[in-house]
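1. only geometry, no sequence info:
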């Protein structure tokens, strides 16, 4: 698999540099969260408020892809809980969007494909290119490697297929990755589905970016 190296956020960084809007998106996300009731949004999002100071500053802890992050309000700054370092930009943007969009909706127990996400058609080609295509390229003929990578990321084996993994990306957001192993007649295929409640927490573009982040980390987990 050494010939299939994938960089972190493959494709995303190049697009954002062209658009020159990633810092703008981050600043807008911080401003939006600042205007909301932080404690209420944390409750809806399943984040834990761990500190509230007399100065008005509040700190919440949220788990993102099996790692704890601290969110500071009203600044909107985000740090890793275990190192106090600043996470990658897209981690921060997604967490801010998740907190701002959270409705508190419960799981619907109804799985949907990306094409069923509102506005998903706008980003579907990018979703395939950044997620299922790179997974197929990297795990072709290696279903056990895919499962082991999912477990290494804190995922769980799912009953959705012979080779399927459930990834808890955020407290109220799960991703399900399913692999159909190829044979002499059919090529290996991947799919990614979600509980319908994902639309109560993330917009279509963020769902694409987060799917890519997970896919890249699955690939990197095998190469450690």
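-> Happy to help now that I have it. From a predicted model like this one, the values you see are computed outputs, not experimental measurements. Numbers count the residues shown, from 1 in each chain.

2. Just give me the neighbour total for residue 88.
-> Using other CB atoms under 10 Å as the criterion, residue 88 is surrounded by 12 other residues. Heads up, the C-betas are built off the backbone N, CA and C, glycines and all.

3. can you give me the strands in this structure?
-> Defined through DSSP state E, the strands belonging to the chain, from first to last, are 48-52, 58-64, 67-73, 78-80, 111-113, 156-157, 163-170, 173-180, 189-195.

4. Same list (the ones you listed) but as a markdown table, adding distance to residue 145 and mean neighbour count.
-> Supplementary listing: these in a markdown table, determined by distance: least, CB to CB, whole Å; neighbours: other CB atoms under 10 Å:
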| stretch | distance to residue 145 | mean neighbour count |
| --- | --- | --- |
| strand 48-52 | 34 | 13 |
| strand 58-64 | 24 | 19 |
| strand 67-73 | 22 | 18 |
| strand 78-80 | 28 | 18 |
| strand 111-113 | 24 | 14 |
| strand 156-157 | 14 | 12 |
| strand 163-170 | 10 | 21 |
| strand 173-180 | 10 | 22 |
| strand 189-195 | 13 | 19 |
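
5. Next, format those as JSON lines and append distance to residue 136.
-> Supplementary listing: the strands of the chain in JSON lines, determined by distance: least, CB to CB, whole Å:
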{"stretch": "strand 48-52", "distance to residue 136": "37"}
{"stretch": "strand 58-64", "distance to residue 136": "25"}
{"stretch": "strand 67-73", "distance to residue 136": "27"}
{"stretch": "strand 78-80", "distance to residue 136": "31"}
{"stretch": "strand 111-113", "distance to residue 136": "16"}
{"stretch": "strand 156-157", "distance to residue 136": "20"}
{"stretch": "strand 163-170", "distance to residue 136": "12"}
{"stretch": "strand 173-180", "distance to residue 136": "8"}
{"stretch": "strand 189-195", "distance to residue 136": "5"}
